[in-house]
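Asker: Give me the fold of what follows.
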Amino acid sequence: MAGPTAGEAARRPPDLVLDIRTSRALADLEMDEADIAIRFGSGRWPRLNARMLFEEEFFAVCSQQFVREYGLESPADLARAPLVIPDTPPWSIWFEAAGLAPVDPAHTFLVDDAELALQAAIDGLAAALVRRDWAAHDMAAGRLVSPFPVAARTGVGCYLVWRDGNARAAEIRPSATGSRRSLEPWRDPPP
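Answerer: Numbering: from 1, shown residues only. Down below sits the predicted model:
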């Protein structure tokens, strides 16, 4: 996600220093030297301004062979196919987004790792519920397909955040707009 944004920021005024650091820990914008951070959540953090970059959406993905093997013609057909059950979100939100009642799938694989879920889908073992950015590379390479244009939203997303009273806020707002624009291809439902 930082790639396109970093490229755009590199063309900004020379007094704007771009220092990208990745961490699973939340950046403390009160104590750190960072002016902005990217956070995942509801968009509400004390003393921080937040601008949504994208809302989290999950799609069903599987191999083309899996589509043929289980005769997937409608979202309801996934109820009788093996499904990878992730820690979060539950398949029930996807079935609800497809206009169906939650189902008890015929066969399941429980996993706590997105890469394992993707690999199970690539190997034709099950359909997986994943974010588009997790599966984009495998979809572009033809290893995965999204058999139905159904996106399940979780109510959380990815946000650009900055502290209240940040004197550089005028420079941050255009960065947020550019970041959202650079992420647009990731927001479209899979083909």
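Asker: confidence score at the most centrally placed residue in the chain?
Answerer: What sits nearest the mean C-alpha location of the chain, by C-alpha atoms, centre = their mean, is residue 131, with 4.1 Å. The model reports residue 131 with a pLDDT of 87.
Asker: close enough to count as contact, it and residue 55?
Answerer: No: applying C-beta atoms under 8 Å as the test, residue 131 and residue 55 come out as separate, 10.6 Å apart. Glycine gets a C-beta too; all of them are placed from N, C-alpha and C.
Asker: for the residue nearest to the centre of the chain, what are its contacts?
Answerer: For residue 131, the contacting residues are 56, 57, 58, 59, 114, by C-beta atoms under 8 Å, 6 or more residues apart in numbering.
Asker: Please report how far it lies from residue 164.
Answerer: 30 Å (C-beta to C-beta, to the nearest Å).
Asker: now do residue 96
Answerer: 37 Å.
Asker: for residue 57, same thing?
Answerer: In this view, residue 57 and residue 164 are 29 Å apart by C-beta to C-beta.
Asker: How about residue 119?
Answerer: 43 Å.
Asker: Need the phi and psi values for residue 24.
Answerer: Phi and psi for residue 24, reported as degrees, to the nearest 10, are phi -80, psi -20.
Asker: What's the local residue count around it?
Answerer: Neighbourhood size, residue 24 [other C-beta atoms under 10 Å]: 4.
Asker: And the one 5 residues further on, by the same measure?
Answerer: The local packing of residue 29 (other C-beta under 10 Å) involves 20 other residues.
Asker: what's the closest non-adjacent residue to it?
Answerer: Closest residue to residue 29 apart from its sequence neighbours, by C-beta to C-beta, 6 or more residues apart in numbering: residue 163 at 4.3 Å.
Asker: can you give me the strands in this structure?
Answerer: Per DSSP state E, the chain carries strands over the ranges 37-41, 48-61, 82-85, 107-110, 128-131, 152-163.
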